[in-house]
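Enquirer: with the input below, show me the fold.
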Amino acid sequence: MRKIKKRQLRPRTKLYITLAVLLVIVVSILLFFNLHVNPVIVEFSEATVKSITNRSVNSAVQSVISNNNVYDDIIEISTDTEGNITAFNVKSILVNKLGKDIGKVALQNLELLGSEGIEIPLGTLTGIPLLTGIGPDFTFKVHPIGSISSVFKSEFESAGINQTNHRIYMNVKATVNLIMPTASRTITTDTQILLCESIIVGKIPDTYLNSTSLDDMMNLIPD
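Expert: Got it, this is the predicted structure:
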């Protein structure tokens, strides 16, 4: 009785099969990252990036503002002979310098904190709730791009009889480029900080209470 010989694959055929298997594995890994890992990284990182930006801006404000008289440095109030408020005068040169200095220091802080990267546990990357926070950390770098811009905004609030609390806020906008394993994402954050405030005694004209005229004066700043 004749024995049936098993047909052996040629070396070239084996190579093609091996390459095909490797290709399937690579494609599967990429699909897993795109469908499961990247969304987790983005969701986890956005909160971290916003926290880093807030820390950078607040630290910059503390570094630049070295005294408690910022309000008097940038705002001058004019009154008539009876002590009634007639106008708010913005010292545009000082406001311009203050905004640029804070933006410059904030960007430096952001670069320093961003260089530390964002650490995400391996279990968190899987997207499985039970594994969140478990396993070694993977670090992803963030890099600030462009420049930090700022806009000033004021707010008036009654503080008692014939007294008004005038607050000046600084809205800082920062753009951060998040580098991920298979893609990148640009995250924009807006941080509002209280720059200074002052209690004003006397009646404030409605032109300032009920309009954005003072905001416009603070933001119409020459380059």
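
Enquirer: my guess is residue 119 contacts residue 133, does it?
Expert: No - contact criterion Cβ atoms under 8 Å: residue 119 and residue 133 do not qualify, at 11.1 Å. Every C-beta, even on glycine, is put in place using the N, C-alpha and C of the backbone.

Enquirer: those two: who's more crowded?
Expert: residue 119 (13 against 10; other Cβ atoms under 10 Å).

Enquirer: how about the secondary structure of the more buried one?
Expert: strand (DSSP: H, G, I helix; E, B strand; the rest coil).

Enquirer: grab the nearest non-local neighbour of it.
Expert: residue 137 (4.1 Å; Cβ to Cβ, 6 or more residues apart in numbering).

Enquirer: packing partners for the helix or strand harbouring residue 101?
Expert: If you go by DSSP states H and E, residue 101 is part of helix 92-115. Applying 3 or more Cβ pairs under 8 Å, 6 or more residues apart in numbering; DSSP states H and E, we find helix 92-115 packed against helix 38-64, helix 70-74, strand 142-144, strand 149-160, strand 163-179, helix 213-219.

Enquirer: can you give me how far the first one is from the chain middle?
Expert: Its chain's average C-alpha position is 5 Å from that of helix 38-64, according to Cα atoms, centre = their mean, to the nearest Å.

Enquirer: residues of it that come out buried?
Expert: 38, 40-41, 44-45, 48-50, 52-54, 56-57, 59-61, 64 (16 or more other Cβ atoms under 10 Å).

Enquirer: quick check: mean pLDDT across that helix?
Expert: In this model, helix 38-64 has an average pLDDT of 78.

Enquirer: lowest-pLDDT helix or strand in the protein?
Expert: Ranked by mean pLDDT, DSSP states H and E, the weakest helix or strand in the chain is strand 142-144, scoring a mean of 68.

Enquirer: can you tell me the SS state at the spatially most central residue of the chain?
Expert: For the chain, the residue nearest the mean C-alpha position is residue 189 (3.4 Å; Cα atoms, centre = their mean). Under the three-state scheme (three-state DSSP), residue 189 adopts strand.

Enquirer: hmm, it is touching residue 174, no?
Expert: Yes - because the distance of 5.3 Å satisfies Cβ under 8 Å, residue 189 is recorded as touching residue 174.

Enquirer: quickly list what's touching both of these two.
Expert: residue 53 (Cβ atoms under 8 Å, 6 or more residues apart in numbering).
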